[in-house]
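Novice: Quick check, what structure comes out for this input:
(one chain, ligands or ions: 1)
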Amino acid sequence: MLDLEISNLLVYAQNNLFMDELDCSQAARRICGMLKITDFAPVEPSEDVELAANPNKLVEPLLAYAVEHGIVTADKTPALKAEIMDAIMLKPSEINDLFADTYSVNKQKAFDFLYEYCVKSGYVDLDECAKNERWEAKELKSRIEIIINTMPQATTDAYPKCALCRENEGYYGKANLRVVSADIGDEQWYFDYSRHQYFDKHGVLVNGEHTPMTDGKATMQKLALAADFVGADGFVGTDSAAENGGAHNKAHEHFKTGFKSTPMFRQGTKLKLKSQEYPYLEMHVVDWYSTVIRFAHSNLEKTVEFADKLVTAWKNYSDERIQNDGTKNFYSAVCRKINGKYTFDIVLRSNAIKRPRMAADYEEIKADALSITDILGYFVLPTKLSEELKQARLYLDGTLEYDVNNKKIPLAKTVERLLKAQGGPVSPLEAKLNIHDEIDLVCEKILASTAVFDEKTIVPFLDGLGIKIL
Ligand SMILES: [Zn+2]
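Specialist: Residues are numbered from 1 along each chain as shown. I've put the predicted structure just below:
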């Protein structure tokens with residue numbers, strides 16, 4: 001019973017997950033225990049095991065067996081998959097040692113190793129990620145990416161304090177999670193890859209203690225040290241714990257990480273700046289929708305000191321447009337280490353500026369506050385939108401008749417705008433293209449609505465910091 005299927009998995013683990021041949025028998029017994037089978041004898045594996053890029057096809061028959069025999073219900077198969085994978089994986093300590101040994105020689109290789117391991121172990125499931133609807137806004141100059149997240153929420157019975165705590169390693173549904181330790185200053189943090197993969201090698205760097213997100217100089221310092229940790233190709237970003245600051249979990253300090261470029265990073269200079277107090281900092285306003293100040297220097301202490309001055313000045317800033325009482329301005333921040341220089345992107349944001357009425361009309365597309373992921377140019381839209389878009393298209397191509405009084409039409413405002421622009425129903429293909437284009441434009445407008453200054457209104461703020469526009 002299942003001799004071939006289990007044998008296949010054992011060979012896969014030896015090829016991809018560093019499983020030692022001496023551990024095969026024990027792993028097989030653990031899997032048999034989970035499936036409540038007693039007989040197992042290893043057999044010659046299937047030829048295509050060598051070709052498997054992830055374990056999904058190999059685990060599938062075991063999960064089907066479990067459901068068929070009433071061992072688990074269908075909704076619990078992701079957790080069983082995690083348990084089965086855990087039986088053929090290295091222990092957390094072994095992963096940590098392998099990562100640390102590689103890291104001491106080559107940081108990027110260490111991260112690549114961990115990423116590969118997470119994919120091969122099925123924790124990061126690229127087949128699932130590929131089910132997200134995703135497209136590039138080709139008509140926009142910035143080419144932001146639109147992502148409709150359709151991934152099911154992982155079955156977890158998370159650690160009581162929160163879903164970010166290190167103690168989640170091994171919890172129900174997360175048996176195949178592996179994290180690695182990271183020293184950030186004198187604090188113990190840990191790193192792992194995100195299941196979502198909204199951008200290239202999307203990961204999360206988390207404080208080892210369940211301690212709330214903070215603000216100020218210590219955070220800037222940690223961000224710079226975290227940029228050191230992820231190395232030359234990486235970036236580290238933080239949301240703000242403020243209202244509308246985009247953070248989902250404010251109770252546990254964490255940063256988002258990724259590798260290589262993002263639409264925002266690809267943008268150049270809008271205004272070149274020079275600080276009187278820090279004349280050696282390379283500094284400019286980024287040519288981006290949000291108000292982003294980018295500055296860089298190799299000296300960590302001085303760069304962090306300036307970052308703190310900038311955000312402190314911003315939090316206290318007000319003028320006739322920005323009616324701030326000291327609580328309404330906030331920021332998102334990203335740090336990268338580029339050619340040995342700590343390169344910060346500070347995104348100035350505010351709840352003190354009235355959003356244009358227009359923006360409220362777009363809430364049917366995205367209602368939640370923009371996170372740093374959105375600001376970087378990866379616009380994440382809610383799962384429900386996937387179905388709503390399909391429905392909305394039926395009104396655009398004339399399959400269903402639009403009625404202004406029908407309150408149940410999904411994305412009603414968008415449909416109404418598009419029908420007007422189209423001058424009536426169009427072909428199904430055109431309807432699809434039109435609605436995608438419309439979403440691109442709406443996302444661009446939402447992003448643009450986060451801007452707090454233009455080229456003129458920014459001058460008094462910069463003056464207050466002794467910064468001149470060149
Ligand atoms: Zn926590």
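Novice: In contact with the nearest residue to R166 once chain neighbours are set aside, which residues?
Specialist: Once flanking residues are discounted, R166 sits nearest to Y190: 5.4 Å by C-beta to C-beta, 6 or more residues apart in numbering. Placement of C-beta: from N, CA and C, glycine included. Residues counted as contacts of Y190 (C-beta atoms under 8 Å, 6 or more residues apart in numbering) are R166, V179, V180, S181, A182, L205, V206, G208.
Novice: Assign the closest residue to T38 other than its chain neighbours to helix, strand or coil.
Specialist: Nearest residue to T38, sequence neighbours excluded (C-beta to C-beta, 6+ apart): C32, at 6.7 Å. Following DSSP: H, G, I helix; E, B strand; the rest coil, the label given to C32 is helix.
Novice: what's near enough to touch C32?
Specialist: Neighbouring residues of C32 by C-beta under 8 Å, 6+ apart: I6, T38, F40.
Novice: okay, the residues you listed in JSON lines with pLDDT and distance to F229 next?
Specialist: Listed next are the contacts of C32 as JSON lines, based on pLDDT from 0 to 100; distance: C-beta to C-beta, whole Å:
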{"residue": "I6", "pLDDT": "97", "distance to F229": "39"}
{"residue": "T38", "pLDDT": "92", "distance to F229": "47"}
{"residue": "F40", "pLDDT": "94", "distance to F229": "43"}
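Novice: Do a quick rundown of the strands in the chain.
Specialist: Ranges of strands in the chain, per DSSP state E, are 133-136, 145-148, 180-184, 187-193, 203-207, 234-238, 254-259, 269-275, 282-286, 291-297, 329-338, 341-350, 378-381, 467-469.
Novice: Go through the last one and flag the buried ones.
Specialist: Right, the one you point to is strand 467-469. Applying a neighbour-count criterion of 16 or more other C-beta atoms under 10 Å, one finds I467 buried in strand 467-469.
Novice: Quick check: which ranges of the chain have low pLDDT?
Specialist: Along the chain, segments meeting pLDDT under 70 span 153-156, 355-360.
Novice: got the residues of it near the ion?
Specialist: Residues of the chain found near the ion (C-beta under 5 Å from the ion) are K161, C162, L164, C165, H210, H252.
Novice: The residues you listed in helices, which ones?
Specialist: Using DSSP state H, no member of the residues of the chain next to the ion falls in helices.
Novice: Show the buried residues in those.
Specialist: Buried residues within these, counting neighbours by 16+ other C-beta under 10 Å: L164, C165, H210, H252.
Novice: Would you check that my belief about the last one contacting N168 is correct?
Specialist: No - using C-beta atoms under 8 Å as the test, H252 is too far from N168 to be in contact (10.8 Å).
Novice: got the buried ones among the residues of the chain next to the ion as a markdown table, with distance to I467 columns?
Specialist: Formatted as a markdown table, these follow (distance: C-beta to C-beta, whole Å):
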| residue | distance to I467 |
| --- | --- |
| L164 | 36 |
| C165 | 41 |
| H210 | 38 |
| H252 | 35 |
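Novice: Report the two of these separated the most.
Specialist: Farthest pair in these (C-beta to C-beta) is L164 and H210. Separation: 7.9 Å.
Novice: shared neighbours of these two, anything?
Specialist: Listed as contacting both L164 and H210 by C-beta under 8 Å, 6+ apart are H252.
Novice: Present the contacts of Y190 as a markdown table; the columns should include neighbour count.
Specialist: Shown next, in a markdown table, are the contacts of Y190 (neighbours: other C-beta atoms under 10 Å):
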| residue | neighbour count |
| --- | --- |
| R166 | 20 |
| V179 | 22 |
| V180 | 20 |
| S181 | 14 |
| A182 | 21 |
| L205 | 24 |
| V206 | 24 |
| G208 | 17 |
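Novice: list the contacts for Y280?
Specialist: Listed by C-beta under 8 Å, 6+ apart, the contact partners of Y280 are H297, K302.
Novice: roughly how far apart are it and H297?
Specialist: Per C-beta to C-beta, to the nearest Å, Y280 is found 6 Å from H297.
Novice: Count the residues that sit near D75.
Specialist: 10 (other C-beta atoms under 10 Å).
Novice: hang on, I meant A52
Specialist: A52: 18 neighbours (other C-beta under 10 Å).
Novice: likewise the one 3 residues further on?
Specialist: Around P55 there are 24 other residues, counting by other C-beta under 10 Å.
Novice: what's the answer for S275, then?
Specialist: Neighbours of S275 (other C-beta under 10 Å): 18.
Novice: isn't it right up against F306?
Specialist: Yes - at 7.1 Å, S275 counts as touching F306 under the criterion of C-beta under 8 Å.
Novice: hey, what's in contact with both of the two?
Specialist: In terms of C-beta under 8 Å, 6+ apart, S275 and F306 are both contacted by the residues L281.
Novice: hmm, back to that, what's the spacing between the residue nearest to T38 and the ion?
Specialist: Distance, C32 to the ion, using C-beta to the ion, to the nearest Å: 35 Å.
Novice: which ones are touching the closest residue to the ion within the stretch 301-450 of the chain?
Specialist: Nearest residue of the stretch 301-450 of the chain to the ion: S371, at 18.1 Å (C-beta to the ion). By C-beta under 8 Å, 6+ apart, the contact list for S371 reads D239, G246, A247, H248, S332, V380.
Novice: Quick one: buried ones out of the residues you listed?
Specialist: By 16+ other C-beta under 10 Å, the contacts of S371 give D239, G246, A247, S332, V380 as buried.
Novice: from those, which is closest to I88?
Specialist: Top of the list for closeness to I88, among these and by C-beta to C-beta, is V380 at 32.6 Å.
Novice: Tell me, how many residues neighbour A241?
Specialist: A241 has 18 neighbouring residues, counting by other C-beta under 10 Å.
Novice: Make sure it is actually in contact with H252.
Specialist: No - A241 lies out of contact with H252 (C-beta under 8 Å); the separation is 10.8 Å.
Novice: Find residues that contact each of those two.
Specialist: Common neighbours of A241 and H252 (C-beta under 8 Å, 6+ apart) are P212, M213.
Novice: can you tell me the residue of the stretch 1-150 of the chain closest to the ion?
Specialist: P92 (17.5 Å).
Novice: Which residues are in contact with that residue?
Specialist: By C-beta under 8 Å, 6+ apart, the residues touching P92 are E169, G170, R178, V179.
Novice: re earlier: please check the contacts of C32 and keep the buried ones.
Specialist: I6, F40.
Novice: how is this structure carved up into domains?
Specialist: Domain assignment for the chain by automatic domain parsing gives 3-89, 152-194+198-355+450-470, 384-448.
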